[in-house]
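**Q** what's the 3D shape of this:
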Amino acid sequence: MLKEFKEFALKGNMVDMAIGIIIGAAFGKIVTSLVSDIIMPPIGKMMGGVDFSNLYLSLSGGTYPSLAAAKAAGAATVNYGVFINVVIDFAIVALALFLLVKGMNTLKRKEAAAAPAPPSTKDCPQCCTAIPLNAKRCPACTSTL
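**A** So this is what the prediction gives:
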């Protein structure tokens, strides 16, 4: 059983998938930082100094100066600003993956188009007429192949 597990875990596809997951997690952190640290601050500034990660709706009726203060007080909140950031994160990751898959598909199409088609005919050794590969006799000179 240990041998079977070792063969399963060390297959090329499993290792490739693990590397993809690790790189994907790192890419997700980069996108999250891009959204929360670079994209959202200028958008918030243009909207009058709004910090999207601090936008929330208190369900307990109290007013709090920030989301952290509301959470510290134990208030139930709907954190729609954090949700906006996550939606933008998702959109950027989805766009990047779309562009990556589109590029890979383009490369595969070019590779497939570049491969020559296998020959379907051969030349007769007697008269040099093109004949089907599996022909047993030449239709032009009737020589046996």
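**Q** going forward, measure contacts and count neighbours with C-alpha atoms only.
**A** Will do.
**Q** show me what contacts P132?
**A** P132 sits next to 120-122 when contact means CA atoms under 8 Å, 6 or more residues apart in numbering.
**Q** quick check: D51 vs N79, distance?
**A** According to CA to CA, to the nearest Å, D51 and N79 sit 12 Å apart.
**Q** could you say which helix or strand holds the residue most central in space within the chain?
**A** Centroid check for the chain by CA atoms, centre = their mean gives L97 as the closest residue, at 3.4 Å. When elements are assigned from DSSP states H and E, L97 belongs to helix 80-114.
**Q** helix or strand right after that helix?
**A** Assigned by DSSP H and E, the successor of helix 80-114 is strand 121-123.
**Q** isn't T144 right up against C138?
**A** Yes: T144 lies in contact with C138 (CA atoms under 8 Å); the separation is 6.7 Å.
**Q** those two: who's more crowded?
**A** C138 (20 against 12; other CA atoms under 10 Å).
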